[in-house]
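1. fold the following, please.
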Amino acid sequence: MKVRNWMQENPVVVTGDTLLSEAKRLLADHNAQALPVVDDGRLRGLITRSACLRASHFVSRTDNPSEFAFFANRLKVKDLMVRNPATVDAADTMEHCLEKGRELKVGQFPVMENGQVIGIVSANEVLSLAAHFLAAWERRSGVTLAPIKLNPGVIGKIAELVEAAGAEVRAIYPIGRAEPPEYKEGPEKKVIVRFHAQDASAVVAALEGGGFRVLESVEGHAQAPTQH
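-> Next up, the predicted model:
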């Protein structure tokens with residue numbers, strides 16, 4: 001999954017001399033988490049929604065007309081922007097983008113190509129990615145299995161058990177931290193299984209009968225998770 005296929009294309013950009021009050025308005029109007037700051041065709045910084053909100057809240061707490069006037073008419077994006085922000089390339093993978101965000105504790109990245117800003121990836125795009133993975137718009141049932149060793153054949157066995165219970169497997173997602181290369185026994189991860197079925201309880205019974213412990217199950221979108 002390449003970043004270019006998930007990013008917000010042609011993002012709204014501002015210059016360093018844009019008033020912060022205007023940047024705050026643009027962020028709200030476009031439901032954006034951050035705006036790239038571009039001067040003379042080059043990325044100079046990133047102004048975030050959280051920075052604008054912090055400044056706005058500070059001014060509102062002071063209850064000082066001079067502070068309000070300064071915020072509205074003089075405070076500029078370059079005064080609060082993140083300088084030289086971390087970026088990702090359009091050809092990078094979303095997996096790389098998510099890992100980089102986790103390492104740097106960054107929630108948004110300008111997307112670069114040939115030295116130019118062509119997009120942005122933020123929490124909005126990450127949530128969209130998660131929604132596609134989990135098919136949030138479909139009435140899929142699902143189970144979460146307790147951590148297991150993902151040795152060869154385990155995923156296939158899970159799929160066979162689910163289908164033998166009369167369900168149609170739609171997706172299987174192992175989740176958890178990657179193991180170091182020298183780890184030989186196979187990583188131990190939780191496994192999310194998404195499927196179409198008339199009765200999710202039959203799938204739960206089949207999986208537990210096959211030796212897998214079910215932590216929770218969801219019957220489409222109609223019921224809350226059932227703990228096991």
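
2. so Asn151, which state does it fall into?
-> At Asn151 the chain is in coil, as set by DSSP: H, G, I helix; E, B strand; the rest coil.

3. tell me, how many residues neighbour it?
-> Burial of Asn151 is recorded as 12 neighbouring residues (other CB atoms under 10 Å). Just so you know, the C-beta spots here come from the backbone N, C-alpha and C atoms, and that holds for glycine as well.

4. does Ala90 touch Val111 like I think?
-> Yes - with contact defined as CB atoms under 8 Å, Ala90 counts as touching Val111 (5.4 Å).

5. okay, and the common contacts of the two?
-> Listed as contacting both Ala90 and Val111 by CB atoms under 8 Å, 6 or more residues apart in numbering are Val3, Arg4, Met7, Ile118, Gly119.

6. narrow those residues to those in strands?
-> Among the shared contacts of Ala90 and Val111, the members found in strands (DSSP state E) are Ile118, Gly119.

7. out of the shared contacts of Ala90 and Val111, which is most surrounded?
-> Val3 (24 neighbours).

8. I'd like to know how far that one sits from Val154.
-> 31 Å (CB to CB, to the nearest Å).

9. helix/strand/coil for the residue positioned nearest the centre of the chain?
-> Per CA atoms, centre = their mean, the C-alpha nearest to the average position across the chain is that of Val126, at 2.5 Å. Secondary structure for Val126, judged by three-state DSSP, is helix.

10. picking that back up, now for the shared contacts of Ala90 and Val111: which two are most distant?
-> Distance extremes for these: the farthest pair is Val3 and Ile118 at 9.9 Å, using CB to CB.

11. any common contacting residues for those two?
-> Shared contacts of Val3 and Ile118, counting by CB under 8 Å, 6+ apart, come down to Ala90, Val111.

12. quick one: Val3 and Gly41, what's the gap?
-> 21 Å.

13. between Ala90 and Val111, which one's more packed in?
-> More crowded of Ala90 and Val111, by other CB under 10 Å: Val111, with 26 against 18.

14. residue contacts, the more buried one?
-> Here Val111 is in contact with Val3, Arg4, Met7, Thr87, Val88, Asp89, Ala90, Val117, Ile118, Gly119, Ile120, Val121 (criterion: CB under 8 Å, 6+ apart).

15. which one of those residues is nearest Ser50?
-> Distance to Ser50 across those (CB to CB) is lowest for Ile120, with 15.0 Å.

16. grab the nearest non-local neighbour of the closest one.
-> Pro11 (4.3 Å; CB to CB, 6 or more residues apart in numbering).

17. got it, and Met112?
-> Of all residues not flanking Met112 in the chain, Thr87 sits nearest, at 4.9 Å (CB to CB, 6+ apart).

18. same question, Lys189
-> Gly176 (3.4 Å).

19. scan this structure for its longest helix.
-> Longest helix in the chain, counting residues (DSSP state H): helix 49-62.

20. in that helix, what counts as buried?
-> Arg49, Ala51, Cys52, Ala55, Val59 (16 or more other CB atoms under 10 Å).

21. in TSV: the residues you listed, plus pLDDT.
-> Conversion of those to TSV gives the following (pLDDT from 0 to 100):
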residue	pLDDT
Arg49	90
Ala51	87
Cys52	87
Ala55	80
Val59	70
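
22. in its sheet, what does the helix or strand containing Arg170 sit against?
-> Secondary structure from DSSP states H and E places Arg170 in strand 168-175. Take DSSP bridges as the rule and strand 168-175 pairs in its sheet with strand 188-196 (antiparallel).

23. may I have the partner strand as CSV, with CA atoms only?
-> Coordinates of each C-alpha in strand 188-196 appear next as CSV, following Å, rounded to 0.1, in the frame of the first residue of the first chain:
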residue,chain,number,x,y,z
GLU,A,188,3.1,-14.8,19.0
LYS,A,189,0.3,-12.5,18.0
LYS,A,190,-3.4,-12.0,18.4
VAL,A,191,-5.4,-12.8,15.3
ILE,A,192,-8.5,-11.0,14.1
VAL,A,193,-10.7,-13.0,11.8
ARG,A,194,-13.5,-11.2,9.8
PHE,A,195,-16.2,-13.3,8.1
HIS,A,196,-19.8,-13.5,6.8
